[in-house]
Structure formats: C-alpha cells, structure tokens
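Enquirer: Here is a sequence together with a model predicted from it:
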There are 2 protein chains.
Amino acid sequence: MRILTSNVAEHIGKKISVSGWIHKIRKMGGITFIVIRDRSGLIQGVVEKKEANKVLEDLSTESVVKISGEVVKEDRAPQGSEIRVDSVELISKVSEDIPVEINKKEMNINLDTLLDNRQVALRSPHQQAIFKVHANIAKSFRKHMEANDFVEINTPKIVEEGLETGGAEMFDLKWFDKKAFLSQSPQMYKQVMVGVFERVYEISNYWRAEKHSTSRHVNEFTMMDFEMGFIDSWEEVMDMSEGFVNEFVSNLQKECGQELELWKAQLPKVPKSIPRVKLDEAQEIIKKEYKHDITGEPDLDPEGERLISKYALEKLDSDFIFVTHYPTKKRAFYSMDDPNSPNETLTFDLLFRGLEINSGGQRIHTYEGYLEKLKSRDMDPNNFEDYLVSFKYGMPPHGGTGWGLDRITQKVFGLDNIREAILFPRDINRLTP
Amino acid sequence: MRILTSNVAEHIGKKISVSGWIHKIRKMGGITFIVIRDRSGLIQGVVEKKEANKVLEDLSTESVVKISGEVVKEDRAPQGSEIRVDSVELISKVSEDIPVEINKKEMNINLDTLLDNRQVALRSPHQQAIFKVHANIAKSFRKHMEANDFVEINTPKIVEEGLETGGAEMFDLKWFDKKAFLSQSPQMYKQVMVGVFERVYEISNYWRAEKHSTSRHVNEFTMMDFEMGFIDSWEEVMDMSEGFVNEFVSNLQKECGQELELWKAQLPKVPKSIPRVKLDEAQEIIKKEYKHDITGEPDLDPEGERLISKYALEKLDSDFIFVTHYPTKKRAFYSMDDPNSPNETLTFDLLFRGLEINSGGQRIHTYEGYLEKLKSRDMDPNNFEDYLVSFKYGMPPHGGTGWGLDRITQKVFGLDNIREAILFPRDINRLTP
C-alpha cells in the first residue's frame, strides 16, 4: 500500500512503499540519495542495493517511481526519518530534461520564463504553496458564507450588456447570430438573487478587456462575490467582510503554516476591528503623515493606497483598512448615496498591504431610485431593463462586495506580480499555456 | 431584532418582528391575512388593528414589509403558529403587479414564460427549492473532494485551442489582436495539475457552441471535474465517483428534505455498490429485456440510456448505473485503451435516471503513448504542445471525470428540461435575462 511521504515517520522500523516524482537525485560512489516528492511533501531515500541503483542509472529528476524499503530514524533528515531503499520501480520516465530547476529554493528565472514553463514550474514546492493558499482562501470564503446562511449561486458568464462599463472594456463574442459579452462581474445577477435568497455568494472567473499591463491587473481574474439583503445599515456589509477576513487569516494560520513558512510570509495582522476611515480623512492622514497631497481627489492613487496601508500597519497594527464614502461620481450608478452627504456614497474599498482587494457598499433598492440615478447620469433605463425589473417587484435594502481572490493571495505572499498568484494567467500578451 | 420565519414558532407568547415579502394577501371584512416570505420560509400574520390594516391597503404581493406582533399557537397553520400583527412597516413597494403567480403551487406557465420572467419567477418556493438543491450538490462535491485530499484549482476559461473538438463547437472571440475560444472543459489543465497536486477538482462554467435545442443540452453549463493520479486501476475513478454519489444523496436527505417534499421528488436510490456494466453487455440486456436492438452500435442512444436505467432501477434497485468500455473510436484521444481489448477504452459514463451525468475514465499518461495515439488518428502533435509538455516530464497513471451539475439537479426533481435547473440558461435562442 502506498504511504504518503508526510506519514513516513510514523512507520519507523517498518517496510513501506512511497510513490512520487524524483525531486532530487545525487550519486556518491555506490550510494544514491534520492528525494521523492508527492502531494504531501518530500522524503529522502538512500539507495545502496545494486539492483535498485541499476534502475536509477538512467533516471533523472521528475521521473515517477515507487520506492520500497525500511523507514529508519535519521535526525539530520527534515522529517526525522528516511527510507533505506530495497527496490525502485519505474512508473513513468521523463523524455526531456526539465527546463526549470523546480528542486531549488529559488528558481532564479524571470516572470515570463516562469509562466512560459508553467506546467512544470508549478511542481516546485514554492509554487504549490501559492495555490494551496489560493484554494484555502476560497474555502474560507465558502465556509464563512455558509455559516451565515448565504446560498451559492451560479450566474451566466455570457451576457448581453455590462452594468459597470456598458460594453467598454468588455470582451465581445459571436453567440450564434448575436453579439454577446464576457461578464465583468455578477453584479446584476447577485442583486436579482437577493430578491430570491436574500443572501447569495459566488466564486467565479470574470473578464475585463483593459489594455494595460500592470503588476496588479490581468484580463481574467477570480472574484468572490456576496450580496446580502435586509441590512439595517451598510456597515453590516463591512462587518460581514471583516468576518471573512478573520476566517481566512485564522484558517491560514491553522492549515497553511508550512506554505507560509516556505516563503517566510508573515501572517496578516487583523485587529479586533478593522479600521474604517473616510476617504477625505484618509487623504488628510496621508498628507499630514507622509507629505503626499492628494486631498480633494475623488480616489486614492496607488501611492496613497500604499501610504494609508503603511499607516494602518504602523499606527493601528492592522494589515487591512476600509476606506469609505467614495464620491458619487466615482462609483457605479447602483451605489447608494449617503443621505447625510449627497455627494458621497455608502461604499467602501478594503485595502490589504497597499492593494485594494475588495470594493463594495450599499446599493439603491427602489425602482424609482434607479430611474432617478440613471437620469442624473444621462443613462437610458431601457438599456438596463433586465436588471431593473427586479426592483419593480419589491427589493429590500441590500449591499455586497466582490473580492479579488488572486490579489489576496498575491499580498499574503508579498508577490511582485498578480500573475504569480494565478495558475495560468491571461493578459494582452499571454493566452497560453 | 428580526426573527426568521422558520424560528417564529419558538417565540410563542412573545412580541417579535419578521421582515420579508408579502407572499399572499387576503382581506376578509376588517381582517387581513398575510403570508410573509423570507429566506427561511413562510409565516402567516393576522391583521386586525386599524392602523396596520391601513398600511396594507394599497400594498400588493411582493411588497417588502416588516410586521410586528405576538406569536400565538395556531394548530391549523403549517408552522403551528401565526403572528397577531400589531404594526406593519413598509420597507419597499412594488411598482407593477408581478407577471407570474409565484404564490401558487403550480405557476401554470410554459418554459419560455418561466425563463422570460426568471428574475421574479425564481422567488417562488418551488423554484427556490431547485437551486437550493443545486447548491447543496456542489457543496457535497467539494466536501467529498476535500475529504479525499483533492486541491481546488481555478483554470483559465479562455483558451487558444480545444482538446475535445479542436475549434469545432467552440465559441470563439477576439482576445485583443488574437483569436481565442471559450473553454469547453478543464481537461488539459486538470491533467497538467495532476503533475502538481496529484488530486485536483474544479467547479466552473463551460461552453459548447452546438446548435441543437434539446431538453438535455444548453450552451453554457456547470461542470464538476476531478482528476486523480497514482491510480492502480481505473476502477478507482469509479469508486471515487460512487463516493460522491453517496455523499450527495445522503446530504440531500439530511439537508434538503423540505425541498424534495415540495416537488414530491423521490430521493435517488443508491445501492451499496453502483452496478457497472460493459457497453456491449448493456446492449444485450436492452435487447433481451426490452426488444430494443442497438447491439454493435458504438454507444447507447437516448432510448437505450432510458432502458438500461429502467433495468438498473427495477432489477438492481439503483437509480444509477455505470456503463463502461466504450469503443476507442468513440472516445477522446486521451482515453486509455484497455490493454486486454485494444478496441475498447478504460472509460465509463454514469447514467442517472436515464441521463448521462458524467463521463470519465483513465487517461494515457506517457508522452510516447500520446504521440502514438495522435498519429493513429492523423492528428498533429504540434497542435497540442501545451498539453503534451506535461507528459514529457513524468506523469503518473491517472484518471478523472466531469459531472453535469445542472443535469444531476434536473434528474433529482424529474424536470422535463435542463433549463429549469439553471438560474439563467443560455442557448441559441436565449441570451437574457
């Protein structure tokens, strides 16, 4: 029976078999040291037997083998034990030497080489760690949503129109004899579904056809969305978001310690309550503390995002900060204006280590409210008929937010480029592998 | 504080508030009976007070209200209690009468009307039930995968080429200055990821540009995929599938009893072990038992699928049956041929109540094996370079399958058309809402 490498140490003194890839191989005289990699980790095998060494003779790294032998205690081994190999069985041979050194701590390759060789580069334990954390964050999101009575929905990704930007910055395609677009957000559908289930969530890919090529943008990305009805205050949307942040950080600590350790990544700091600061207050702080003056601007610039995050960490001991009350003109038409301050919206962005990882707020929930807002923007309600119809038939006060899963992962590890946090990224220059 | 309708009965004798939609409203003399619907169910309120009745005067169904009053025991009420309403507060009014009668047991509308009015039709408890089950099945899939050490992956949906059909039956789009396709399956990526995590799964939308308009096909659908490495036998893929079937049926029983009851849907029957029958044996059974002769054909026809399912249910007490060993010429090039029978593959379909709900098997895992198979089909390996590269660097024996989530949901409820099991279906005729 196959034993996973992570369980080998439990079998000291016994004969076992382990199957996996040859992660490292080193020959010294008549002895071969091999490190086997499987889904649970690494284990060292020491091969002295002639027949076993014979099998290894023309095998290189990444060959798939089954090794059998006795487990012995070995304090110098990372796991405290190693395998004295009796036999090596070849399962699958490599046809070419691998193009990247996945068995080194640092592959020392540039981003393009990493992505061009993604299929094998991902086998490196460092790369694996990123995507185990990516999966763990998604799991935490679902756990938090389910615990709070949200229903998972699956909305169409092919749409006739876009809420955010109309058709601008959307990819279009021919859908039989019609023109359609790739969805840029589940916004319309998650609001419609508040009318059905009150609380809904979805994790899915979305697309934006922006031509820029920055370290924080890609054209296909994974969003974690939720939307909740019957809120008494828009702050409930931030409370629910805060709950998720606590959930994912606590699960990372419990379940991904090894992955963070590999990168020497610091667990994100979450205070009892994540600071919430109004945009204009944030701008004042940035000006006062760091002499960067963006007061009066309708948004934070990337430098402003970095500085307010620095402030949150140094002064408030938090890797996260909510910036609230973005001006009406900067936010999507469905944003609810603050009744106490008509040029500001009940919206927020959540910054994590200098990067916006979610954007949300309270939405308009009356049909009349939408007609009025669309009119004020010279937008034609007829273009949004499929969206507006829900509001004709009774919708509760509601709000929600969408999280950039790839961005969160990027910032957990402090990766320079968001592409490193996506298995197979897609951008203006990259459509493969 | 808001109480959910499902918890009202716990508050007999107390004053509470409930918020939701007016599901039904009926006036009799000075008394108004209203049924309030929230995410947890329905509760009846009896309104005698003049002020409260006044608020209700110009409200119709689907208005959103908050009602407050005392909970009283009422044996004739479905929940055993109702609310003597003191006050009614209007939260959100309807602008138009709703176009479908969502408060009736049967809406009595045809499929097109149902789908045209999807945004509000989904509010009907019957419709909600379908999508709660849809979400529950996805949850069971993830639970089963996580319990078996699978890692969730997120693969690109925009691809350069298609494995199954090349570009035929795929939607193409302009990706900046390149041509790209909507992915029809995660096949390539999940196999590549077997090289990384050994065991991977994904739930996502996929697309096929088939022009037909049948009751079992749509052009955008949700697949639940898994792929597992280091299998000793392809039967392990069926075992893992069987485990999921047990998981989802058991969770439906535990968590969705109310939803099934609403439709008088029978819980699927799963025997201790799901029957596995070879294609040619299945054809013999169908001929012998039902005089439908499709022996010698490379597949089952829809009637054959129906009949072998009928046989499984009546003779083997199972709503599920695996049909195995499809001929090489009918299966995708990556399918592993049976070493004992070179014209047959180590593949299977799983039928559920007459409908194929998954298709899977063992894959070729050597580079040479792929070159040989592609050659035998006059296919050019250069077209599959991004796929084949993984097999150059050591891949273990592996297999997997993809489940049609919408189809499973359809068959749980016995719905005539798969569109009824998709929130917002997409086909040749339908791109909205």
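Expert: Good, I have the coordinates. As the structure is a computational prediction, the values presented were derived from the model and not from experiment.
Enquirer: C-alpha only now, for contacts and for neighbours.
Expert: Noted.
Enquirer: Chain neighbours aside, what residue packs nearest to A:P327?
Expert: Setting aside the residues directly before and after it, A:P327 is nearest to A:E344 in space (CA to CA, 6 or more residues apart in numbering or on different chains), at 4.3 Å.
Enquirer: Show the contacting residues for the one you found.
Expert: Neighbouring residues of A:E344 by CA atoms under 8 Å, 6 or more residues apart in numbering or on different chains: A:325-328, A:337-338.
Enquirer: Please tell me which one of the residues you listed counts the most neighbours.
Expert: In terms of neighbours by other CA atoms under 10 Å in any protein chain shown, those top out with A:Y326 at 25 neighbours.
Enquirer: you'd agree that residue is up against A:L279?
Expert: Yes. With contact defined as CA atoms under 8 Å, A:Y326 counts as touching A:L279 (6.2 Å).
Enquirer: Common neighbours of the two, please.
Expert: Common neighbours of A:Y326 and A:L279 (CA under 8 Å, 6+ apart) are A:D299.
Enquirer: What segments of chain A are helices?
Expert: For chain A, the helices defined by DSSP state H cover A:50-56, A:111-116, A:118-121, A:125-147, A:187-197, A:235-255, A:257-262, A:279-290, A:302-316, A:367-376, A:385-392, A:405-413.
Enquirer: and the closest residue to A:Q127 other than its chain neighbours, how many residues sit next to it?
Expert: Excluding the flanking residues, the one nearest A:Q127 by CA to CA, 6+ apart is A:A121, at 7.3 Å. A:A121 has 23 neighbours, counted by other CA under 10 Å.
Enquirer: who's in contact with A:A121?
Expert: Contacts of A:A121 by CA under 8 Å, 6+ apart are A:100-102, A:114-115, A:127.
Enquirer: on that earlier part again, would you convert the helices of chain A into JSON lines that also reports mean pLDDT?
Expert: Below are the helices of chain A laid out as JSON lines (pLDDT from 0 to 100):
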{"stretch": "helix A:50-56", "mean pLDDT": "93"}
{"stretch": "helix A:111-116", "mean pLDDT": "96"}
{"stretch": "helix A:118-121", "mean pLDDT": "97"}
{"stretch": "helix A:125-147", "mean pLDDT": "98"}
{"stretch": "helix A:187-197", "mean pLDDT": "98"}
{"stretch": "helix A:235-255", "mean pLDDT": "98"}
{"stretch": "helix A:257-262", "mean pLDDT": "96"}
{"stretch": "helix A:279-290", "mean pLDDT": "98"}
{"stretch": "helix A:302-316", "mean pLDDT": "97"}
{"stretch": "helix A:367-376", "mean pLDDT": "96"}
{"stretch": "helix A:385-392", "mean pLDDT": "95"}
{"stretch": "helix A:405-413", "mean pLDDT": "98"}
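Enquirer: Now, the contacts of A:E344 that are in strands?
Expert: A:337-338 (DSSP state E).
Enquirer: So which of the contacts of A:E344 is the closest to A:E160?
Expert: Nearest to A:E160 among the contacts of A:E344: A:T328, at 26.1 Å, using CA to CA.
Enquirer: close enough to count as contact, that closest one and A:T345?
Expert: Yes. Counting by CA under 8 Å, A:T328 touches A:T345, with 5.4 Å between them.
Enquirer: what pairs with A:V277 across the strands?
Expert: A:V323 (DSSP bridges).
Enquirer: what pLDDT does A:T165 get?
Expert: For A:T165, the pLDDT comes out at 78.
Enquirer: Next: A:A77.
Expert: Looking at A:A77, the pLDDT reads 85.
Enquirer: Can you tell me the closest non-neighbouring residue to it?
Expert: A:Q44 (7.5 Å).
Enquirer: who's in contact with that neighbour?
Expert: A:Q44 neighbours (CA under 8 Å, 6+ apart): A:33-36, A:77, A:82-83.
Enquirer: What of A:N417?
Expert: Counting by CA under 8 Å, 6+ apart, A:N417 touches A:215-216, A:410.
Enquirer: hmm, 7 Å instead?
Expert: By CA atoms under 7 Å, 6 or more residues apart in numbering or on different chains, the residues touching A:N417 are A:215-216.
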